[in-house]
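S.K.: pasting the sequence and the predicted coordinates here, then a few questions.
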Amino acid sequence: MKILVVGAGAVGAVYGWHLHRAGHEVHFFVKAQYADAVSAGFKLHQLGRRATQRQEWSGLQVVTDTAEVARARWDQVWLTMSSDALRGELAAQLLAAVGTATLVCLQPDLEDADYVRGRVGAPEQVVRGLITLISYQSPLPGTEGPDGIAYYLPPFARTPFSGSPQRVRDVVEALKAGGMSASAVANVATVAAGATALMQPLIAALEVNQWRLASLPASEALRMGLAAVREALAVAQQATGARTGRFRPLLRPWIWRLLLPLAERLLPLPLEPYLHYHFSKVGAQTRLMLETYIRLGRQHGQDTQALQTLRKALPAL
């Protein structure tokens, strides 16, 4: 297949690499100022508990103009930018130029997939997915690590996709052939909604706590975040039909005194620097997602006071 990956950051590079390994023709859509750097290629480092695998990819094909996108015929277009960037003018021009290609939407906001469906020729073009990997520019600030893009594929964490069955099948098979675990599910929205409603308010709480993991469990920021999680779970359940009850036990602060140190020991990467670095970069997305929960909650007559308090506590970007 001829595949266009929109964005050549740490996420786009990893998905592009696995699609390339499967034998597909992969191009990257980037702004002109990044074309030379992306064309030169990537040094990727797949992190593991016991060893790191180094992977080099050179001679990449780059597209910088939406007119060039419109002139070509694409089988798949992978959208790897943040939710706020998806709503920008450049993304709108790109969506208008992709023709009949399958659009793989990986953004986490509740309304992202519908936003894309409303801007392409046919809604069935859109395949929704959920990012289950961790990737970042390495080394992280203040840490040691390999130079390039480091990434971790959690065991048993298949990347789920939903949409038109044949389009989903093509996406799943492409990733699996390139060495990444993936699966088709009935509806990614219901699969992802609960976990995302848990994670995003907690990321905001960590930012309010100045990205300090050690002091988070006993902080007012965590209590504020968990109250917001409770409301976000209710909004997610109302909006998607997702069953969110299994996340309720995680609404107790003492649980996080156990979970956070365990996560730091198990993950083969520096967790606090990663969270600080990555979610500072996508801070606008965090704020957009909180605002989506607040707006949808108000539409359905649900309580959003804790979400509003958390949103106001976030510093200006």
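M.R.: Received, thanks. Numbering: from 1, shown residues only.
S.K.: now do the contacts for the most centrally placed residue in the chain.
M.R.: For the chain, Ile131 is the residue whose C-alpha lies nearest the centre (C-alpha atoms, centre = their mean; 4.8 Å). By C-beta atoms under 8 Å, 6 or more residues apart in numbering, the contact list for Ile131 reads Val11, Leu106, Pro108, Thr159. Where you see a C-beta, it was placed from the backbone N, CA and C, and this is true even at glycine.
S.K.: from the residues you listed, which is closest to Thr52?
M.R.: Distance to Thr52 across the contacts of Ile131 (C-beta to C-beta) is lowest for Val11, with 18.7 Å.
S.K.: make sure that closest one is actually in contact with Leu79.
M.R.: No. Look at Val11 against Leu79 with C-beta atoms under 8 Å: they stay out of range, at 10.3 Å.
S.K.: for these two, list the residues in contact with both.
M.R.: Here Val11 and Leu79 share the contacting residues Leu106, scored by C-beta under 8 Å, 6+ apart.
S.K.: burial check on Ala67, number of neighbours?
M.R.: A count of nearby residues for Ala67, using other C-beta atoms under 10 Å, gives 9.
S.K.: now do it, the pLDDT please.
M.R.: The model reports Ala67 with a pLDDT of 97.
S.K.: quick one: which helix or strand includes the residue nearest to it when sequence neighbours are not counted?
M.R.: Excluding the flanking residues, the one nearest Ala67 by C-beta to C-beta, 6 or more residues apart in numbering is Ala97, at 7.4 Å. For Ala97, there is no enclosing helix or strand under DSSP states H and E.
S.K.: tell me the contacts of Ala97?
M.R.: Counting by C-beta under 8 Å, 6+ apart, Ala97 makes contact with Thr66, Ala67, Val69, Ala70.
S.K.: so what pLDDT did it get?
M.R.: For Ala97, pLDDT reads 97.
S.K.: please apply the same query to Val171.
M.R.: pLDDT, Val171: 98.
S.K.: so which of the contacts of Ala97 are in helices?
M.R.: Secondary structure from DSSP state H places Thr66, Ala67, Val69, Ala70 of these in helices.
S.K.: ranking these by neighbours, who comes first?
M.R.: Counting neighbours by other C-beta under 10 Å, Val69 leads these with 23 neighbours.
S.K.: distance of that residue relative to Gln93?
M.R.: Val69 sits at a distance of 9 Å from Gln93 (criterion: C-beta to C-beta, to the nearest Å).
S.K.: now do the strands in the stretch 101-250 of the chain.
M.R.: Ranges of strands within the stretch 101-250 of the chain are 102-105, 126-129, 134-138, 148-152, 159-162, 182-184, based on DSSP state E, counting those that start in this stretch.
S.K.: what sits against Arg54?
M.R.: Contact analysis of Arg54 by C-beta under 8 Å, 6+ apart lists Lys43, Leu44, His45, Pro146.
S.K.: isn't the third one up against Thr52?
M.R.: Going back to what we said before, that points to His45. Yes. In this structure, His45 is within contact of Thr52 by C-beta under 8 Å, at 5.2 Å.
S.K.: now do Pro261: how many residues are near it, please.
M.R.: Around Pro261 there are 14 residues (other C-beta under 10 Å).
S.K.: just the element for it, please.
M.R.: Per DSSP H and E: helix 253-266 holds Pro261.
S.K.: where's that helix relative to the chain centroid, distance-wise?
M.R.: Centre-to-centre, helix 253-266 and its host chain are 22 Å apart (C-alpha atoms, centre = their mean, to the nearest Å).
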